[in-house]
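[1] sequence first, then the predicted structure:
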Amino acid sequence: MSEVTKIFISSKQKELEKERAWAKEAMEETGHDLGKDLLKAVLVEEEAAPPSTTVHTQCSEELKGCKAVIFIYYKTISPIVENEFH
């Protein structure tokens, strides 16, 4: 069985909501086109976390399990997105 490659999508959530959804859809369709679910888009708003977890901590933890990151920028880069880059 092939391992699923997790790819974190990083951007300002509300500013680029449509673009985040398109990136996720394109990534997952690519995996399906290859006949298997080989790619998994990781969007922090879709991942479960304990209520006491900050967004910063959740992003850091999610990033650790990903093989790559897609950064999508437009007008602003939030401190959380900037931290993901480092």
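    Nice, I can see it.
[2] where does this structure dip in pLDDT?
    The model of the chain has pLDDT under 70 over residues 1-2, 33-35, 81, 84-86.
[3] pull the longest strand from it.
    With secondary structure taken from DSSP state E, the chain has its longest strand at strand 5-10.
[4] what's in contact with whichever helix or strand comes after it?
    As assigned by DSSP states H and E, the chain's next helix or strand after strand 5-10 is helix 17-33. Helix 17-33 is contacted from outside by 7, 9, 11, 13, 37-41, 43, 70, 72, 74, using C-beta atoms under 8 Å, 6 or more residues apart in numbering. From N, CA and C alone the C-beta is placed, and that goes for glycine too.
[5] which residues touch residue 38?
    Contact partners of residue 38, counting by C-beta under 8 Å, 6+ apart, are 2, 4, 5, 30, 31.
[6] dump the residues you listed to TSV, plus distance to residue 59 and neighbour count.
    Shown next, in TSV, are the contacts of residue 38 (distance: C-beta to C-beta, whole Å; neighbours: other C-beta atoms under 10 Å):
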residue	distance to residue 59	neighbour count
2	27	10
4	20	13
5	19	13
30	24	11
31	23	17
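[7] what's the farthest-apart pair in these?
    Farthest-apart pair in the contacts of residue 38 is 2 and 30; separation 13.5 Å (C-beta to C-beta).
[8] re earlier: now which of the contacts of helix 17-33 would you call buried?
    The neighbour-count criterion (16 or more other C-beta atoms under 10 Å) marks 7, 9, 11, 13, 38, 39, 40, 41, 43, 70 among these as buried.
[9] so what's the second one bridging to?
    Spelled out, it's residue 9. On the basis of DSSP bridges, residue 9 is bridged to residue 70.
[10] how far away is it from residue 51?
    From residue 9 across to residue 51, the span is 23 Å (C-beta to C-beta, to the nearest Å).
[11] for residue 78, same thing?
    From residue 78 to residue 51 the distance is 21 Å (C-beta to C-beta).
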